[in-house]
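Visitor: sequence and predicted structure below; questions after.
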Amino acid sequence: MRRRLIHSTLAVVLVVIAVFGVSLVIVETRTISDSAQERVRAEAIQLASIVDSRLLGDQRITSAALSAQVGSGRYARIDIPDQGIVEIGEPPTGDVITETAHGEQGETVTVKESRSAVTREVGRTLVIIAGVALLAIVAAVLLAVRQANRLTSPFTDLAETAERLGSGDPRPRHRRYGVPELDRVADVLDSSAERIARMLTAERRLAADASHQLRTPLTALSMRLEEITVTDDLTTARDEASIALAQVERLTDVVERLLTNSRDPRTGSAVSFELDEVITQQLAEWRPAYRSEGRAVVSSGKRHLRAVGTPGAVAQVLAALIENSLVHGGGTVALRTRVTGNQAVIEVTDEGPGVPAHLGSRIFERTISGHNSTGIGLAVARDLAEADGGRLEMLQLRPPVFGLFLSRSQVARPPRGGDKQVR
């Protein structure tokens, strides 16, 4: 492309020089010839006038008296009636310019000049025109090379950017070249790079969220299957198998929700549901793990609360909090339900050392962890809560208290038996 740009620019300049240069040579040659002819004519007329004045004054006409009136390199012949012929200079040979003038006393003045002087002047003019044309060609080449580099370098750079995008490096380069069309292409590539980067980030985040959200149900399912393998009681095996099937359904729900959110994050399945059912399910799932650690998980507070949200997502949030207390907390883990305004709140607390003060405001950030874990559990839990229109907050550092706030349903069953603790 660079070579084509240089050749095309040079061709245009050569055509322009040829058209205008030839025209200029023709005009200048004609101008020089006409100017020489006019000079010879003027000299003949002037010489005739001088001869007239001398004849009127009865002065003798000689070549010595008139030689100063004839230019160098010219020849003059004066024919005077009754006095003869007076010649000034050497007659030129070859092609000459001739002009004749007649005086009032009957004399005839003829002035001649060789065309070689005109040819030399035309030659000097041609050299000047050729020099200017050469300078124009050199300037055109330099300009063509500069313009070609200015236009081709951005194309090379844009090609490298596109290749980087294709190889999986979506970083925008934010380079502009001062050419509107190329800058438009650069804008589109940078926008595409930013979209690809967001897509890759979303895909990586989905993979991380999926692995974290699927880990808890798989852990619970594994514990149930272990219970089945070690028991000889058929009734216990059936109960554990029923719970395992429920875990499989929950896994299916988690996968479906992840796929749905990845296609359209605005898609939701919020319904009115009983918080007691979700809490009871979580207690049943996590009691074996806590029992094996010599700890307990209990619930208390207001019963029969109905909230608006996705039961599976709420279960995932509670599972993340309970697992967090199992891994990082200590003592008994308590789930307490209460009401504040038009919201239902589930608080999760334990008797452990709590959250370090320097992590309190950043505990929900991804990759932030005080115990060398993945650091995405609480971040995923907060995202799930916010997707349902709720929120997850850190209410207290020591002992740690997390609060899940959900909108209350307008339809609620009357409480039976009041608040009580379930073990």
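Guide: Structure received.
Visitor: strand partners of the helix or strand residue 345 falls within, parallel vs antiparallel please.
Guide: Taking DSSP states H and E as the criterion, residue 345 maps to strand 343-349. Next to strand 343-349 in the sheet, as set by DSSP bridges, lie strand 333-340 (antiparallel), strand 401-408 (antiparallel).
Visitor: residue 139 is nearest to which of the ones you listed?
Guide: Closest to residue 139 of the strands paired with strand 343-349, according to Cβ to Cβ: strand 401-408, at 75.3 Å. C-beta here means a position set from N, CA and C on the backbone, and glycine is covered the same way.
Visitor: what separates stretch 289-300 from the chain centre, distance-wise?
Guide: Centroid separation between stretch 289-300 and its chain, computed with Cα atoms, centre = their mean, to the nearest Å, is 55 Å.
Visitor: buried stuff in it?
Guide: Neighbour counts using 16 or more other Cβ atoms under 10 Å place 289-290, 295, 297, 299-300 of stretch 289-300 among the buried residues.
Visitor: return the alpha-carbon coordinates of that stretch using CSV.
Guide: This file holds the C-alpha atoms of stretch 289-300, laid out as CSV (Å, rounded to 0.1, in the frame of the first residue of the first chain):
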residue,chain,number,x,y,z
ALA,A,289,-21.3,-31.2,59.4
TYR,A,290,-21.6,-29.2,62.6
ARG,A,291,-22.2,-32.4,64.6
SER,A,292,-19.0,-33.9,63.3
GLU,A,293,-17.1,-30.7,64.5
GLY,A,294,-18.7,-30.9,67.9
ARG,A,295,-20.7,-27.8,67.3
ALA,A,296,-24.4,-26.9,66.9
VAL,A,297,-26.5,-24.8,64.5
VAL,A,298,-29.8,-23.4,65.8
SER,A,299,-32.6,-21.0,64.9
SER,A,300,-34.8,-18.6,66.8
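Visitor: pLDDT averaged over that stretch - what is it?
Guide: Averaged across stretch 289-300, pLDDT comes to 91.
Visitor: what kind of secondary structure is the residue of the chain most remote from its centre in?
Guide: Distance to the chain centre peaks in the chain at residue 82, reaching 99.2 Å (criterion: Cα atoms, centre = their mean). Three-state call for residue 82 (DSSP: H, G, I helix; E, B strand; the rest coil): coil.
Visitor: which parts of the protein are strands?
Guide: 74-80, 84-88, 96-102, 108-114, 271-274, 297-301, 306-309, 333-340, 343-349, 391-396, 401-408 (DSSP state E).
Visitor: and the angle from the third one to strand 108-114?
Guide: In other words, strand 96-102. Angle of strand 96-102 versus strand 108-114, following axes from the mean of the first three to the mean of the last three Cα atoms, to 10 degrees, is 160 degrees.
Visitor: pull up the pairing partners for strand 96-102, direction included.
Guide: strand 108-114 (antiparallel).
Visitor: show me what contacts the closest residue to residue 77 other than its chain neighbours?
Guide: Leaving aside its sequence neighbours, residue 77 sits nearest to residue 110 (Cβ to Cβ, 6 or more residues apart in numbering; 4.5 Å). With contact set as Cβ atoms under 8 Å, 6 or more residues apart in numbering, residue 110 has these partners: 44, 76-79, 98-100.
Visitor: surely residue 122 meets residue 30?
Guide: No. Look at residue 122 against residue 30 with Cβ atoms under 8 Å: they stay out of range, at 9.8 Å.
Visitor: looking at those two, which is more packed in?
Guide: Per other Cβ atoms under 10 Å, whichever of residue 122 and residue 30 has more neighbours is residue 122, with 19 against 11.
Visitor: tell me the confidence at the more buried one?
Guide: Value listed for residue 122 in the pLDDT field: 84.
Visitor: begin at 82, not 1, for the rest of this chat.
Guide: In the new numbering, first residue 82, that becomes residue 203.
Visitor: flag the shaky bits of this structure, pLDDT-wise.
Guide: For the chain, applying pLDDT under 70 flags the ranges 82, 282-298, 335, 337-350, 441-442, 448-456, 491-504.
Visitor: grab the nearest non-local neighbour of the residue nearest the centre of it.
Guide: In the chain, the residue lying closest to the centroid (Cα atoms, centre = their mean) is residue 271, at 2.8 Å. Excluding the flanking residues, the one nearest residue 271 by Cβ to Cβ, 6+ apart is residue 253, at 3.9 Å.
Visitor: surely that neighbour touches residue 277?
Guide: No. Look at residue 253 against residue 277 with Cβ under 8 Å: they stay out of range, at 9.6 Å.
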